[in-house]
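[1] Need the 3D shape of this:
(one chain, ligands or ions: 1)
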Amino acid sequence: MSARWIDDPILRVDALTMRFGGLVAVNEVSFAAGRGDITALIGPNGAGKTTLFNCLTGFYQPTSGRIAFSPERLDAEKIERLTRSARKSDGDTFLLERMADHEIVRKARLARTFQNIRLFQGMSALENLMIAQGRSLSRAAGFSVLGLLGAPSWRRAERAAVDRAAGWLERIGLTGRADDPAGELPYGDQRRLEIARAMCTNPALLCLDEPAAGLNATESRDLADLLRAIRDEGETSILLIEHDMSVVMRISDHVVVLDYGQKIADGSPVEVRENSAVIAAYLGVEETDEPAAEAALAESAKTGSDAT
Ligand SMILES: Nc1ncnc2c1ncn2[C@@H]1O[C@H](COP(=O)(O)OP(=O)(O)OP(=O)(O)O)[C@@H](O)[C@H]1O
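    Below you'll find the predicted structure:
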């Protein structure tokens with residue numbers, strides 16, 4: 001079967017391990033995420049999902065392993081050459097485990113959101129989206145005050161930043177609340193604003209840590225629609241951690257399952273849903289109780305049957 005995560009990965013994780021003292025939170029995990037795909041990382045509590053995310057986005061320095069990423073094209077030979085050198089990148093190919101978090105955001109174009117909302121609560125919705133673009137605005141000004149005062153490139157960049165922010169506010173239905181403090185928006189709106197903020201950095205890969213957490217059924221459905229639309233526009237691939245199986249099954253092209261720090265399954269949503277190890281581990285039941293577990297998984301994913 002042809003799959004983008006095999007034929008055209010944007011991200012390849014090889015034998016990634018993260019230890020905290022004696023605890024192995026992520027144990028020799030390998031997988032790829034397809035360019036243009038929505039890839040879901042699932043697993044029971046404590047499986048190592050957030051730790052893996054933190055390694056991808058430079059919050060943790062992994063104990064060992066390699067994380068190769070390219071917004072354009074992952075080339076195996078280039079990755080091997082890069083691995084043998086001490087360099088962090090070669091053109092548009094990056095080894096993320098060698099990079100700091102700010103470099104990963106800026107140079108490799110990965111953006112992430114967190115389990116807990118991290119908006120600037122006292123700033124307006126619009127300001128949150130403008131701040132996300134601060135770096136490209138500073139670059140347009142040549143990182144100088146004189147640039148701010150005179151450069152046409154700054155004015156063009158500022159216009160583009162405002163347009164982008166306004167476009168995202170409209171898209172997430174918050175135009176009317178552009179000037180309201182982010183912290184006063186309903187929870188579901190804050191979640192979508194966080195995604196919009198990440199999208200304002202023009203990411204090649206958007207990493208979302210439990211974006212549906214705390215959302216009601218309607219908000220979850222809106223979120224799924226938003227993520228599918230982002231994917232379908234073709235500029236941004238998505239990697240998400242999610243416990244809500246209805247969202248996972250509805251939108252994912254590819255699902256990777258962790259349990260106790262190890263990968264136990266990797267495939268299409270249907271393949272993973274029918275995998276007995278996943279049924280047993282993800283639902284935390286004994287293998288002998290698999291029929292009951294399978295029924296429960298099918299129930300939790302039943303609203304995902306409209307997968308595209
Ligand atoms: N900074 C840390 N120091 C020590 N142990 C940690 C640290 N971060 C995570 N762990 C441990 O690593 C393991 C994996 O945790 P992690 O948060 O990655 O799991 P998870 O799959 O994201 O879980 P959840 O779904 O509950 O968020 C857990 O046993 C956790 O206690």
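[2] In the protein, where is pLDDT below threshold?
    The chain contains residues with pLDDT under 70 at 1, 135-154, 282-308.
[3] Which positions in it make contact with the ligand?
    Neighbours of the ligand within the chain, by Cβ under 6 Å from any ligand atom: 20, 23, 25, 43, 45, 46, 47, 48, 49, 50, 51. Heads up, the C-betas are built off the backbone N, CA and C, glycines and all.
[4] What subset of those residues is buried?
    Among these, the ones that count as buried by 16 or more other Cβ atoms under 10 Å are 25, 43, 47, 48, 49, 50, 51.
[5] Can I get those in CSV including distance to residue 164 and secondary structure?
    Converted to CSV, those look like this (distance: Cβ to Cβ, whole Å; DSSP: H, G, I helix; E, B strand; the rest coil):
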residue, distance to residue 164, secondary structure
25, 37, strand
43, 35, coil
47, 36, coil
48, 35, coil
49, 30, helix
50, 29, helix
51, 32, helix
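[6] between those, which is closest to residue 272?
    residue 43 (10.9 Å; Cβ to Cβ).
[7] wait, doesn't the closest one sit right on residue 272?
    No: assessed by Cβ atoms under 8 Å, residue 43 is found out of contact with residue 272, at 10.9 Å.
[8] Overlap of the contact sets of the two?
    residue 257 (Cβ atoms under 8 Å, 6 or more residues apart in numbering).
[9] Buried residues, stretch 16-26. List them.
    16, 17, 18, 24, 25, 26.
[10] likewise stretch 263-271?
    Buried-residue list, stretch 263-271, by 16+ other Cβ under 10 Å: 263, 264, 265, 266, 267, 269.
[11] among those, which are in strands?
    263, 264, 265, 266, 267 (DSSP state E).
[12] how much space between the third one and residue 18?
    According to Cβ to Cβ, to the nearest Å, residue 265 stands 20 Å off from residue 18.
[13] And the last one, by the same measure?
    Separation of residue 267 from residue 18 (Cβ to Cβ) stands at 24 Å.
[14] now swap in the second one and tell me
    Relative to residue 18, residue 264 is positioned 17 Å away (Cβ to Cβ).
[15] Spatially nearest residue to the residue nearest the centre of the chain, not counting backbone neighbours?
    Geometric centre of the chain, nearest residue: residue 207, 1.1 Å, by Cα atoms, centre = their mean. Spatial nearest neighbour of residue 207, chain neighbours left out: residue 112 (4.0 Å); criterion: Cβ to Cβ, 6 or more residues apart in numbering.
[16] and the one you found, what element?
    For residue 112, the host element (DSSP states H and E) is strand 110-113.
[17] Just the CA atoms of that strand, as CSV, please.
    These are the backbone C-alpha positions of strand 110-113, laid out as CSV (Å, rounded to 0.1, in the frame of the first residue of the first chain):
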residue,chain,number,x,y,z
LEU,A,110,7.7,23.7,13.2
ALA,A,111,5.0,25.2,15.3
ARG,A,112,3.3,23.7,18.4
THR,A,113,0.5,24.2,20.8
